[in-house]
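Asker: everything below, folded, please.
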Amino acid sequence: MVASSDKSDKNVELLHEIAERLGANGQIEIGTMFRSPGLRTGTKIFAFLGREDRLIVKLPRERVIAMVESGGAEPVTMGTRTMREWVAIDPDADPQSTLETWTAMAREALLFVRESDENH
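Answerer: Below you'll find the model as predicted:
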């Protein structure tokens, strides 16, 4: 059995790898969200590690609903409030598969956050 901190450390390493991969799309930095490591562009966090070593990403509300309905993700609830534009994605058993899935989701979140900034 893998200790929780070992698993968390590996997912933080994955987060750094994702930041490196997304760096071609502009400056990506490691920041924090709710005391957890996350990815940000400028001052906007677009992905972070949540409880149970999940990746939490910011996506359009319609996309979040579709992902939750398909079983591909879970809604994010803070206290009693469900966050409409945030969704949690579990890691896969295989770290390489997790890296690929999380990179794609983080890229989608990055583009959404940038597009939202441009429209405001």
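
Asker: report the buried residues of the longest helix seen in the chain.
Answerer: If you go by DSSP state H, the chain has its longest helix at helix 95-118. Residues 98-99, 101-103, 105-110, 112-114 are the ones in helix 95-118 that count as buried (16 or more other CB atoms under 10 Å). In this view, the C-beta of every residue, glycine as well, is placed from N, C-alpha and C.

Asker: pLDDT and distance to F48 for those residues - can I get that in JSON lines?
Answerer: JSON lines is the format used below for these (pLDDT from 0 to 100; distance: CB to CB, whole Å):
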{"residue": "T98", "pLDDT": "93", "distance to F48": "15"}
{"residue": "L99", "pLDDT": "94", "distance to F48": "16"}
{"residue": "T101", "pLDDT": "96", "distance to F48": "16"}
{"residue": "W102", "pLDDT": "96", "distance to F48": "11"}
{"residue": "T103", "pLDDT": "96", "distance to F48": "15"}
{"residue": "M105", "pLDDT": "97", "distance to F48": "12"}
{"residue": "A106", "pLDDT": "96", "distance to F48": "10"}
{"residue": "R107", "pLDDT": "95", "distance to F48": "15"}
{"residue": "E108", "pLDDT": "96", "distance to F48": "15"}
{"residue": "A109", "pLDDT": "97", "distance to F48": "10"}
{"residue": "L110", "pLDDT": "95", "distance to F48": "13"}
{"residue": "F112", "pLDDT": "96", "distance to F48": "15"}
{"residue": "V113", "pLDDT": "94", "distance to F48": "12"}
{"residue": "R114", "pLDDT": "90", "distance to F48": "17"}
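
Asker: what's the most distant pair in these?
Answerer: Longest distance between any two of the buried residues of helix 95-118 is 24.0 Å, between T98 and R114; criterion CB to CB.

Asker: ok, and what's touching the helix or strand where V87 lies?
Answerer: V87 is part of strand 81-89 when elements are defined by DSSP states H and E. With CB atoms under 8 Å, 6 or more residues apart in numbering as the test, strand 81-89 has contacts from 50, 54-61, 63-64, 67-68, 72-77, 101-102, 105.

Asker: filter these down to the buried ones.
Answerer: Listed as buried from the contacts of strand 81-89 are 50, 54-59, 63-64, 67-68, 73-74, 76, 101-102, 105; burial here means 16+ other CB under 10 Å.
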